[in-house]
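Visitor: got a predicted structure plus its sequence, pasted below:
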Amino acid sequence: MEREKFGSRLGFILISAGCAIGLGNVWRFPYIVGQYGGAAFVLIYILFLIILGLPIVAMEFAVGRASQKSVALSFDVLEPKGSKWHLSKYMAMAGNYILMMFYTTVGGWMMIYFVKMAKGDFAGLNAEQVEGEFSNMLSNPVIMTVGMIIIVVGCFAVCALGLKKGVETITKWMMLCLLGLMVVLAINSLTMEGNAEGLAFYLKPDFAKMKEAGIGEVVFAALGQAFFTLSIGIGALAIFGSFIGKERRLLGEAISVTVLDTSVAFMAGLIIFPACFAFGVQPDSGPNLIFITLPNVFNHMAGGRVWGSLFFIFMTFAAVSTVIAVFQNIITFARDLTGCSIKKAAIINGIVIILLSMPCILGFNLWSGIQPFGSGSTIQDLEDFIVSNNILPLGSLIYLIFCTSRYGWGFKNFMKEVNEGKGMKFPKAIRFYVTWILPIIVLVIFIQGYWAKFA
């Protein structure tokens, strides 16, 4: 089975960034920046991205490129004979499927809201009625199922066209449109009257706020966001490493992806906060920000229907870029393990993902009695917890130890792969740090996830 390659470096960077750029960039990052001290928090976050995210992204790319396989077979190819590293593939593969069990539903929500905004469904509604629109959507399993199926079928159709013709061409244009839309939306927000307070809330370093929240909590918030923003640990980035040539060293590519991901998260705040403060609407986080707060803001705004429609197209692109990247991984698992055609892998997995996505949808209505974490929690919360608090940190830990331990692939082999080609070198001097300190940091993030959830 001949392996396709990316047609361009830009395609590789935009698609890898598309995988990392997701809804957390928009509905979590701006809010915690505002909550934990504005620009002061951003500096801590960037520090953690550099010392935590970058080495693991480079390791995922290196494992993918050296093995020329998806996570379904990459450890089998590279591990020392007789070792059991390949058993970790089951957790990584499960992570991709479980992520799609709820992410496809949220992608559907974005698309539904784009249609609602374009149709003018929010015009003239007060704050309470806007909130009611979101509740009505969640209580309607049919409309959510239709939205989810359109996302699943559309994204698998893109992957079925092949890497170059489908995934690279379509994602490249979609990502360029996403970045363009962000610039337009940010300029609109920044030129509004009364935006100064929002900008100050977002960007002014406020050490008093950091002190108030507690330095430990601020550090953990920055650490957690830096870690989860890049989708590391489930082989979703390794797959793109397997599709690139040896012309360039991998640390530079990891930096490009990280910078793009951070720029989108940062610009999301420039869109949201000036607009919220200009119209006296208190910013929230999570789904409430996107589906309740922002439609209220667009309602107050001149030309709000147009701006709201553009915002939800941008959000749909952010969701779909991640879904396409993970579907590409899932299709490559099927092909690596069975040798089947792309189209067959797309059709079978499309049906599987649609069925697996139903519990999340039904968890908001017919199965709302299932509350895994107590009152008010949903099936979606459980699925998110399994991926975010378990599979991502443990998967990242496996990549780290595999690339640095002599019982795994080993630091020497990793360095040879990561530094092949032109560009920035992965520094040998940080060997001690990535071998002994970084795994402890990831382990602390894993334990902190449980502590925050259950303590």
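Guide: Now that the structure is in, tell me what you want to look at.

Visitor: residue 373 and residue 249: what is the separation?
Guide: 43 Å (C-beta to C-beta, to the nearest Å). C-beta coordinates here come from the backbone N, C-alpha and C atoms, glycine included.

Visitor: ignore the last one, residue 439
Guide: Per C-beta to C-beta, residue 439 is found 23 Å from residue 249.

Visitor: which one of the two is surrounded by more residues?
Guide: residue 249 (21 against 17; other C-beta atoms under 10 Å).

Visitor: I figured the more buried one was touching residue 416, is that so?
Guide: No: the criterion here is C-beta atoms under 8 Å, and residue 249 misses it with residue 416 at 11.1 Å.

Visitor: show me which helix runs longest in the chain.
Guide: The longest helix of the chain (DSSP state H) is helix 304-338.

Visitor: check which element follows that helix along the chain.
Guide: With elements assigned by DSSP states H and E, the helix or strand that comes after helix 304-338 is helix 342-362.

Visitor: for the helix or strand just after that following helix, name the packing helices and strands.
Guide: Counting by DSSP H and E, the next helix or strand C-terminal to helix 342-362 is helix 379-386. Applying 3 or more C-beta pairs under 8 Å, 6 or more residues apart in numbering; DSSP states H and E, we find helix 379-386 packed against helix 89-119, helix 342-362.

Visitor: could you give the angle of helix 379-386 to helix 342-362?
Guide: 120 degrees (axes from the mean of the first three to the mean of the last three C-alpha atoms, to 10 degrees).

Visitor: skipping its backbone neighbours, what lies nearest residue 88 in space?
Guide: residue 398 (4.8 Å; C-beta to C-beta, 6 or more residues apart in numbering).

Visitor: again, but for residue 186
Guide: Excluding its sequence neighbours, the residue lying closest to residue 186 (C-beta to C-beta, 6+ apart) is residue 270, at 4.3 Å.

Visitor: what's the helix or strand for the one you found?
Guide: Using DSSP H and E, residue 270 falls in helix 250-278.

Visitor: buried residues in that helix, which are they?
Guide: 250-258, 260-262, 264-278 (16 or more other C-beta atoms under 10 Å).

Visitor: how about stretch 382-397 as CSV, C-alpha atoms only?
Guide: Provided in CSV are the C-alpha atoms of stretch 382-397 (Å, rounded to 0.1, in the frame of the first residue of the first chain):
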residue,chain,number,x,y,z
LEU,A,382,-18.0,11.6,31.0
GLU,A,383,-16.7,11.2,27.4
ASP,A,384,-14.7,14.4,27.7
PHE,A,385,-13.3,13.4,31.1
ILE,A,386,-12.1,10.0,29.7
VAL,A,387,-10.2,11.7,26.8
SER,A,388,-9.0,15.0,28.4
ASN,A,389,-8.2,13.8,31.9
ASN,A,390,-7.0,10.2,31.1
ILE,A,391,-6.0,9.3,27.5
LEU,A,392,-4.3,12.6,26.5
PRO,A,393,-2.0,12.8,29.6
LEU,A,394,-1.2,9.1,29.7
GLY,A,395,-0.7,8.9,25.9
SER,A,396,1.7,11.9,26.1
LEU,A,397,3.6,10.2,28.9
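
Visitor: residues in contact with the spatially closest residue to residue 163 that is not a sequence neighbour?
Guide: Once flanking residues are discounted, residue 163 sits nearest to residue 4: 4.0 Å by C-beta to C-beta, 6+ apart. The contact partners of residue 4, by C-beta atoms under 8 Å, 6 or more residues apart in numbering, come to 162, 163, 164, 243.

Visitor: which one of those sits closest to residue 429?
Guide: residue 243 (30.0 Å; C-beta to C-beta).

Visitor: hmm, back to that, residue 328: which of the contacts of residue 4 is nearest?
Guide: Scanning these for proximity to residue 328, where the rule is C-beta to C-beta, the winner is residue 163, at 7.3 Å.
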